[in-house]
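[1] My questions are about this predicted structure, shown below with the sequence.
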Amino acid sequence: METIRINILVAMALVFFSSCEDLETQPEQSLSTESAFSDRQAVEGSLLGVYSLTQEFDVFGSLPQVIAEFQADNVDFIGSFPTLQSIDEYSTQADNSNVAGLWRYHYRAILAANAVIHYAPTSPDASLSEEERNQFVAEAKFMRALLMFQMVNLFSHPIQVGGESAEGIPIVLEPYEGEIVAYPRSSVGEVHAQIRQDLEEAIPHLPPGYDTPEFTRGRATIGAAKALLSRLHLYRGEWQQAADLAGEVLDNDLYDIAGNYNFWGVNGVEAVFSLQNSEIDNGRTGSGGWGEFFNPASAGARGDAPFSTYLIAAYEEEPGDRRFVQLTQRGSNGMLYTTKFPDFVTHSDNSPIIRTTEVALNRAEALAHLEGVNVESLGLINRLRTRAGLPSVAAGDFPNAQSFIDFILDERRKELAFEGHRRMDLLRNGLPLRPASDPRHAESQPGANKTILPIPQRERDINPALTQNDGF
């Protein structure tokens, strides 16, 4: 696990949200932990540094989300990176450098969140109210929960496959204090419990929104925390909790299903939580980014992640689907690409972490498990189909509850394609990542060794308490 110095948080805060608010922070070459939290400006700067660290390419800057799409059946990976090719081919090894980066940068951000949680309450600045301190801690807990959730989904089998006792990831709740601690892996159930605890503790202290759209959509809010908690319960098959929390978000006037597809890059009702990127502040590296992966090489991007033939076939089952007609472009290689992330030059596209559409689909799916074919789920699905220019469906179109659930999952696929949801939607439903016609179908079954990522060998060398996943 990479060490982190607290002064990094303050320095990074100068960049993140810089177009929205001037923090006027002046980081020094070396800051002690105490001075990094010595006053309001430093405390908030450290908190914003947590958000900034999650912009990284390896966190929410596109790489984990792209992997979740091509490891499943939405995307064909045609890039030249051997480390990503091996993930696509289910031949990953423990020394994979991209996998090592995922682990390292997620934990770097978790450690930064831990520092805020630990030190913000005791900052000596008397002008910081208890309410403000509680809010800053709550925001950090939201971010820690989000980071841990993505990590456990990448490196561990879902509970539907391995059960609560399946090996998860290390739960690290302390800030880095200059000494490497050999944390063992906790179980998936324990990790989920910690995520749930962080979110439930955060919700009472989070605001409903902020003074600017950039903060309301790009910082932790009550709605964002409830939406993420809904996702956690959905992934665990806890249908009532998932449905109830999603309903609370949908009842919030801040959020709504947009009437068309012009919401991309806009801090509007469709965005529950989006990491804010700009032309000068984003997670791009020389090797990728949302726009780089998802736009064609003939336009000037990398063009590594076009539509798979399977996804094209899914859209073509109903001709005229606006999600396909309006949100695609063709490269000179003849392949189709999404237009959801148009900026491959300056990489200013926001990272869409939670959208209102996903929350609506959470509720529709959870209610279908509870009640079968039901009026509210039909209404939510038909709102999405109307936006897509497709005819409404009725209860009589589905012979049983499972056929309705399958239909909702198909709608979920078409709505959330290229946003990183497909892999877990398949695995948590006991479905293979690749269809029967794919040569890698057998290797893509839920529970198969390489449907999850290996614990990086570098981390195991540093921390002998880390056990390896089977097959690596």
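    Perfect, I can see it now.
[2] continuing past the longest helix along the chain, what's the next helix or strand?
    The residue-count maximum for a helix in the chain (DSSP state H) belongs to helix 130-155. Downstream of helix 130-155, the first helix or strand assigned by DSSP states H and E is helix 159-162.
[3] Let's see the pLDDT reported for G265.
    Here, the pLDDT recorded for G265 equals 84.
[4] From S348, how far off is it?
    G265 sits 8 Å away from S348, going by C-beta to C-beta, to the nearest Å. From N, CA and C alone the C-beta is placed, and that goes for glycine too.
[5] what does E130 give?
    Counting by C-beta to C-beta - E130 and S348 are separated by 37 Å.
[6] next one: P64
    P64 is 20 Å from S348, by C-beta to C-beta.
[7] Show me which of those two is the more surrounded one.
    Shown here are P64 and S348; by other C-beta atoms under 10 Å, P64 has more neighbours (22 against 19).
[8] I figured the more buried one hits F57, correct?
    No: P64 is beyond contact range of F57, at 9.5 Å (criterion: C-beta atoms under 8 Å).
[9] can you tell me how far the residue sitting nearest the centre point of the chain sits from S46?
    What sits nearest the mean C-alpha location of the chain, by C-alpha atoms, centre = their mean, is I353, with 4.9 Å. Distance, I353 to S46, by C-beta to C-beta: 21 Å.
[10] For the residue lying closest to H157 once chain neighbours are set aside, the count of nearby residues, please.
    Leaving aside its sequence neighbours, H157 sits nearest to A166 (C-beta to C-beta, 6 or more residues apart in numbering; 5.1 Å). Using other C-beta under 10 Å, A166 has 20 other residues around it.
[11] Could you number the chain from 11 rather than 1 from now on?
    Let's use 11 as the start, then, which means that last one is A176.
[12] Following the helix or strand the residue nearest to the centre of the chain falls within in sequence, what is the next regular element?
    I363 is part of strand 361-365 when elements are defined by DSSP H and E. As assigned by DSSP H and E, the chain's next helix or strand after strand 361-365 is helix 366-381.
[13] tell me the angle of that next one relative to strand 361-365?
    Here the directions of helix 366-381 and strand 361-365 differ by 40 degrees (axes from the mean of the first three to the mean of the last three C-alpha atoms, to 10 degrees).
[14] Look at R312 and give its secondary structure.
    What DSSP: H, G, I helix; E, B strand; the rest coil gives for R312 is coil.
[15] Report the contact partners of it.
    G89, G298, E302, F303, N305, F354 (C-beta atoms under 8 Å, 6 or more residues apart in numbering).
[16] Where do the helices of the stretch 11-160 of the chain begin and end?
    16-23, 43-46, 50-64, 73-80, 92-98, 107-129, 140-165 (DSSP state H, counting those that start in this stretch).
[17] Make CSV out of these and add distance to D471.
    Formatted as CSV, the helices of the stretch 11-160 of the chain follow (distance: least, C-beta to C-beta, whole Å):
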stretch, distance to D471
helix 16-23, 24
helix 43-46, 27
helix 50-64, 24
helix 73-80, 23
helix 92-98, 18
helix 107-129, 11
helix 140-165, 17
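[18] for those, which one sits closest to Y193?
    Closest to Y193 of the helices of the stretch 11-160 of the chain is helix 107-129 (C-beta to C-beta; 9.7 Å).
[19] can you give me the angle the closest one makes with helix 73-80?
    Using the same axes, to 10 degrees: helix 107-129 against helix 73-80 is 130 degrees.
[20] Report all helices and strands that helix 107-129 contacts.
    helix 16-23, helix 43-46, helix 50-64, helix 73-80, helix 92-98, helix 140-165, helix 467-472 (3 or more C-beta pairs under 8 Å, 6 or more residues apart in numbering; DSSP states H and E).
[21] List the buried residues of stretch 335-348.
    For stretch 335-348, burial by neighbour count (16 or more other C-beta atoms under 10 Å) applies to L337, T338, Q339, G341, M345, L346, Y347, T348.
[22] Can you get me the start-to-end distance on it?
    10 Å (C-alpha to C-alpha, to the nearest Å).
[23] before we move on, back to that, does the nearest residue to the residue nearest to the centre of the chain once chain neighbours are set aside belong to a helix or a strand, and which?
    Leaving aside its sequence neighbours, I363 sits nearest to F283 (C-beta to C-beta, 6+ apart; 4.8 Å). F283 is located in strand 281-285, with elements delineated by DSSP H and E.
[24] what's stretch 195-211 in contact with?
    With C-beta under 8 Å, 6+ apart, stretch 195-211 has contacts from 148, 151-152, 154-155, 158-159, 162, 166-169, 172-181, 183, 235-236, 238-239, 242, 246, 465, 475-477.
[25] Narrow the residues you listed to just the buried residues.
    148, 151-152, 154-155, 158-159, 162, 166-169, 172, 176-181, 235-236, 238-239, 242, 246, 465, 476.
[26] doesn't V53 make contact with L138?
    Yes: the pair L138 / V53 is scored as a contact, 6.7 Å apart, by C-beta under 8 Å.
[27] And these two? Which one has more around it.
    V53 (24 against 18).
[28] what residues are up against that one?
    With C-beta under 8 Å, 6+ apart, V53 has these contacts: F47, V126, Y129, A130, S133, D135, L138, R143, F146.
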